[in-house]
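Quick one, what's the 3D model for this:
(2 chains)
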There are 2 protein chains.
Amino acid sequence: MTETEGDILDRPVADEVQADIYDDEGYIRHDFLTMVGAAIADRDVLFLRQHVSKLHESELGDLIEAIQPDQRLAMIRLLGDDFDMTALTEVDEAIRMQIVDQMPNEQIAAAIGDLDSDDAVYILEDLDDEDREEILAQLPFTERVRLRRALDYPESSAGRRMQTEFVAVPPFWTVGQTIDYMRDEEDLPESFTQIFVIDPTFKLLGAVKLDAILRTKRQVKIESIMHETNHPIPAEMDQEEAAQVFEQYDLLSAAVVDENERLVGVLTIDDVVDVIQEEAEEDLLRLGGVGDEELSDSVFAISRSRVPWLAINLVTAFMAASVISLFEATIEQIVALAILMPIVAGMGGNAGSQTMTVTVRALATRDLDIHNAFRVVRREAGVGLINGILFGCTVGLVAGLWFQDVSIGGLITTAMLINMFAAAMAGITIPMILSRAGADPAVSSAVFVTAITDTTGFFSFLGLATWWFM
Amino acid sequence: MTETEGDILDRPVADEVQADIYDDEGYIRHDFLTMVGAAIADRDVLFLRQHVSKLHESELGDLIEAIQPDQRLAMIRLLGDDFDMTALTEVDEAIRMQIVDQMPNEQIAAAIGDLDSDDAVYILEDLDDEDREEILAQLPFTERVRLRRALDYPESSAGRRMQTEFVAVPPFWTVGQTIDYMRDEEDLPESFTQIFVIDPTFKLLGAVKLDAILRTKRQVKIESIMHETNHPIPAEMDQEEAAQVFEQYDLLSAAVVDENERLVGVLTIDDVVDVIQEEAEEDLLRLGGVGDEELSDSVFAISRSRVPWLAINLVTAFMAASVISLFEATIEQIVALAILMPIVAGMGGNAGSQTMTVTVRALATRDLDIHNAFRVVRREAGVGLINGILFGCTVGLVAGLWFQDVSIGGLITTAMLINMFAAAMAGITIPMILSRAGADPAVSSAVFVTAITDTTGFFSFLGLATWWFM
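Here you go, the predicted model:
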């Protein structure tokens, strides 16, 4: 201890620090952040050990994200062996890479040895090949082989997310033997909800949930209480698909098998929940025209990632402008048209994006398919007509009164009706066509829908006006 | 059996029906739907029992959604006692209500007796008070009390989603006693991953995971292996908040306690996964300007639910139009302005919705808070400027060449730069202000952001042009 007593007394002692590090809104409490910041600045290892190292991994992850970037590595260094590497699986990718890049490989290797294999893979997969090999080389043989096997599976596959630690027994063991084995064996996974039944070649025969073992008398054979694992997950399967299997069958964990149906690992619901969250987030960001950016990315990285969508939209914006330019002469005569035309296009865009959002969602959850497509298209057509009439008449009335011109009112009503119907049709058919063609409707639908509602809106309104007035 | 042999032979026998009812894209196979449809039409109970009643509840739910509305009740009637009511928890609310409304209360009561309490509550909560009371009256006393207690908790609370069946033991029991109890007791929950430790008044003392029981010798006391349940869920807690606790601490199940900290039920991860899905879906739909509509709602219900958002947008569209009308005289002179102005407004709208989407998401996941707000605002300002310069110059160049006019190119470049910067600022600050004010930023941000990008776009472009040319 190199600090003076006064320094330590300035900060509250253990009991005075509240147990809950979050405020009412779910953010980390400001006074806790201040205390941690001061402790890092003062190199107060005692405080950090007492209040930071006892945090749950996800709390520690939130803390790492909340403190200043330059404090992060300092805190990890001060914590030393007391730092729980699992916390790094809970932070933004950009922050994780910053930290891991700056940590010495020896320290990463030492820390990774203590992690579950899925968490270890999560950290290793972001590293460049050289660093990864150096770290792997420092691990014990079995550990290294296991991790390398998981890393060999494609990115975002079940094999990458699985845990290679599991409990497996032969079918002829009794419940009693199994319980005794678990009581004696030291090297069990940290936590598990079922055990697997395998043959001598590791071929998966079935599984037994722990509650089934606990309900059954000691002399009963495992094979008589095991159930077939109807949904073993191939290691190559995409994690999103694996998540759907979990959701569909309410699984807590599932066996992961290789191409020979040999058990290689277990996928657990907590990883799957993360996948579900990520996928939902991806859909939302894609619909908003944003890629895989994270809050911690740099200004230039973000600017660049948003350019493609803006660029495509620019092309459609010029398309819409060229539609308007067809009617230059008409607008020159009646400027009211220029004032009103954004209303027709804009309302169509809004109606189209409503339908599109519902369609993209229904496709993602597989509620929309070829069998009910016709019914849903018909329904959206009805919605488009009803709201087209409603808003067409409202706009027509207001526009007619504004410009004291019945023709303008009538024209805009008709154009609105046409465009809101077109919006409904575009909103439902474009995502369906894109999905059929194998494209992700969340990424590309919005551009096409806006292109259609803009051009239809301008063309119908200005076209009708030209036909009527000219 | 009232059918002729020929009828039965027309349809494939058990072995010929594929085990997997889904096609490669995850939709129910068309030939399976045809077979089920034919079986319903022919009242072929044998086929339905063989191929439909053995389906997993979620598969049966998908099937119910996929068949024609008039076939649904017919199939359920034909299946009789073989129909698994749990499947109704897996279908759209509108479809569930249609089916339950038409089923006789006696049949519902009989079926509900077999369900886990959380599934029973899920079905009962949609019924009107009269039907619900009639069904509850037909249930055994304990069952009725339990369900009524769960139904007394507020809608969308943890108490509504919890299962009232759980295993609880006193702390002084040994592991051996606990295992023996589970072996002998008939009335255990269908599946469980931890047991709870309670005092005689049902006050929650702790919990033990099943793997801990299996690792421990028979004579060890439960109290010495139990862990404190750090995160008991108050029954009144909102399900969304409960889901966040699950996510944060990677829980598989959690104790639900009443206001006196007495154990009243258990919340399990499968229900929580549903909540997470629903919440993500809600955010996505709200950003797209859609409320809680479902694919099975009627045309009128949907039209009506989409009106409010369109109506608010209409007001902002007229605001934008009135901005344009300020510059009527300028447009009359230079029609090119009318042609180009939607580009300025539209690109601003796109940039604004990108920033807004990221902000809404970051607020929902609590990645954005008061501590990093300033940093994020500064970053978005940078992104707005960079992309404003990039796209401003592009548009300026194209517009200048198109209309052979350097001034127009310069004006639109400046207007784009102003509007894309305004879009970035609106996209980040509006959701944050709404969230601070206690409003859901997903619902209301888009309207405000569009209002700002439209008016700023038209005003800056037309205003600059008026100042320059007039």
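
give me the element the spatially closest residue to A:Asp440 that is not a sequence neighbour is part of.
The spatially closest residue to A:Asp440, leaving aside those adjacent along the chain, is A:Arg286, at 6.8 Å (CB to CB, 6 or more residues apart in numbering or on different chains). To be clear about C-beta, it is placed using only N, CA and C from the backbone, and glycine gets the same treatment. Mapping A:Arg286 onto the secondary structure by DSSP states H and E places it in helix A:269-287.

mind listing what's buried in that helix?
Going by neighbour count (16 or more other CB atoms under 10 Å in any protein chain shown), the buried part of helix A:269-287 is A:269-277, A:279-287.

Leaving out chain neighbours, which residue sits closest to the one residue in the stretch 1-150 of chain A that gets nearest to chain B?
Ranking the residues of the stretch 1-150 of chain A by distance to chain B (CB to the nearest CB) places A:Tyr27 first, at 4.3 Å. The spatially closest residue to A:Tyr27, leaving aside those adjacent along the chain, is B:Asp369, at 4.3 Å (CB to CB, 6+ apart).

And the helix or strand that comes right after the helix holding A:Arg286, what does it pack against?
Under the assignment DSSP H and E, the closest C-terminal helix or strand after helix A:269-287 is helix A:299-325. The contact analysis (3 or more CB pairs under 8 Å, 6 or more residues apart in numbering or on different chains; DSSP states H and E) places helix A:299-325 against helix A:441-469, helix B:336-364, helix B:373-402.

quick one, which of the ones you listed is packed in tightest?
Here the criterion is mean neighbour count by mean count of other CB atoms under 10 Å in any protein chain shown, and of the helices and strands packed on helix A:299-325 the winner is helix B:336-364, at a mean of 27.

got a list of what the residue of the stretch 351-470 of chain A with the smallest separation from chain B touches?
Proximity to chain B, evaluated over the stretch 351-470 of chain A using CB to the nearest CB, is greatest for A:Thr357 at 2.6 Å. When the contact criterion is CB atoms under 8 Å, 6 or more residues apart in numbering or on different chains, the partners of A:Thr357 are A:Leu287, B:Leu284, B:Leu285, B:Leu287, B:Gly288, B:Gly289, B:Val290.

Specify which member of the residues you listed is nearest to B:Thr413.
Taking CB to CB as the measure, B:Thr413 lies nearest A:Leu287 of the contacts of A:Thr357, at 29.4 Å.

Could you double-check that the closest one sits in contact with A:Val360?
Yes. Taking contacts as CB atoms under 8 Å, A:Leu287 lies within contact range of A:Val360: 6.3 Å.

quick one: low-confidence ranges for chain A?
Within chain A, the stretches with pLDDT under 70 are A:1-19.

Outline the domain layout of it.
A:5-156, A:168-269, A:299-469 (automatic domain parsing).

Okay, strands next: where are they in the stretch 151-300 of chain A?
A:168-169, A:194-198, A:204-209, A:233-234, A:253-257, A:263-268 (DSSP state E, counting those that start in this stretch).

Give me the residues contacting the last one.
Put plainly, it is strand A:263-268. Counting by CB under 8 Å, 6+ apart, strand A:263-268 makes contact with A:117-118, A:149-150, A:158-159, A:161-166, A:168, A:189, A:192-193, A:196, A:198, A:202-204, A:233, A:235, A:242, A:246, A:252-258, all of which sit outside it.

If we use 7 Å, what do you get?
With contacts defined as CB atoms under 7 Å, 6 or more residues apart in numbering or on different chains, strand A:263-268 is touched by A:158, A:161-164, A:166, A:168, A:196, A:198, A:202, A:204, A:233, A:235, A:242, A:253-258.

The residue nearest to A:Tyr27 - how many residues pack around it?
Residues near B:Asp369, counting by other CB atoms under 10 Å in any protein chain shown, number 19.

That one: what secondary structure?
For B:Asp369, the secondary structure call by DSSP: H, G, I helix; E, B strand; the rest coil comes out as coil.

I figured the residue of the stretch 1-150 of chain A closest to chain B hits B:Leu368, correct?
No. Under the criterion of CB atoms under 7 Å, A:Tyr27 lies out of contact with B:Leu368, with a separation of 9.4 Å.

neighbour count winner among these two?
For A:Tyr27 versus B:Leu368, the count of surrounding residues by other CB under 10 Å is larger for B:Leu368: 24 against 18.

Quick check, the residue in the stretch 201-350 of chain A closest to chain B?
Taking CB to the nearest CB as the measure, the point where the stretch 201-350 of chain A comes nearest chain B is A:Gly288, at 2.6 Å.

so who does that residue touch?
With contact set as CB under 7 Å, 6+ apart, A:Gly288 has these partners: B:Leu287, B:Ser353, B:Gln354, B:Thr357.

Can you list phi and psi of the residue nearest to A:Tyr27 for me?
Here is the backbone geometry of B:Asp369 (degrees, to the nearest 10): phi -150, psi -180.

Can you name the residues that contact A:Val406?
With CB under 7 Å, 6+ apart, A:Val406 has these contacts: A:Gly400.

From A:Gly388, how far out is it?
When distances are taken as CB to CB, to the nearest Å, A:Val406 and A:Gly388 turn out to be 20 Å apart.

for A:Ala320, same thing?
Separation of A:Ala320 from A:Gly388 (CB to CB): 20 Å.

now A:Glu223
Plainly put, A:Glu223 is 65 Å away from A:Gly388 if you go by CB to CB.

Same check on A:Arg77?
Computed as CB to CB, the A:Arg77 to A:Gly388 distance reads 64 Å.

And A:Arg146, by the same measure?
A:Arg146 is 61 Å from A:Gly388, by CB to CB.

ok, now A:Tyr22?
Computed with CB to CB, the distance linking A:Tyr22 and A:Gly388 is 48 Å.

about what we covered before: determine which stretch of the domains of chain A is the most buried.
Ranked by mean neighbour count, these are led by domain A:299-469 with a mean of 21 (mean count of other CB under 10 Å).

Pull up the distance across that domain, start to finish.
Using CA to CA, to the nearest Å, the end-to-end distance of domain A:299-469 comes out at 51 Å.

got it, and stretch A:186-195?
One end of stretch A:186-195 to the other measures 16 Å (CA to CA).

go on, stretch A:153-161?
Using CA to CA, the end-to-end distance of stretch A:153-161 comes out at 10 Å.

Off-centre distance for the helix or strand in which A:Ala38 is found?
A:Ala38 belongs to helix A:30-41 when elements are defined using DSSP H and E. In this view, helix A:30-41 has its centroid 31 Å away from the chain centroid, taken as CA atoms, centre = their mean, to the nearest Å.

Equivalent analysis for stretch A:303-320, please.
The mean C-alpha position of stretch A:303-320 is separated from the chain mean by 24 Å, CA atoms, centre = their mean.

Any figure for the gap between A:Asp70 and A:Ala41?
Distance from A:Asp70 to A:Ala41, counting by CB to CB: 11 Å.

rewinding a little: how about the nearest residue to the residue of the stretch 351-470 of chain A closest to chain B, chain neighbours excluded?
Leaving aside its sequence neighbours, A:Thr357 sits nearest to B:Gly288 (CB to CB, 6+ apart; 2.6 Å).

Look up how far A:Thr359 lies from that neighbour.
The gap separating B:Gly288 from A:Thr359 is 10 Å, by CB to CB.

who touches both of these two?
Contact criterion CB under 7 Å, 6+ apart; no residue bridges B:Gly288 and A:Thr359 by contacting each.

which residues touch A:Leu434?
For A:Leu434, counting by CB under 7 Å, 6+ apart, the contacting residues are A:Pro441, A:Ser444, A:Ser445.
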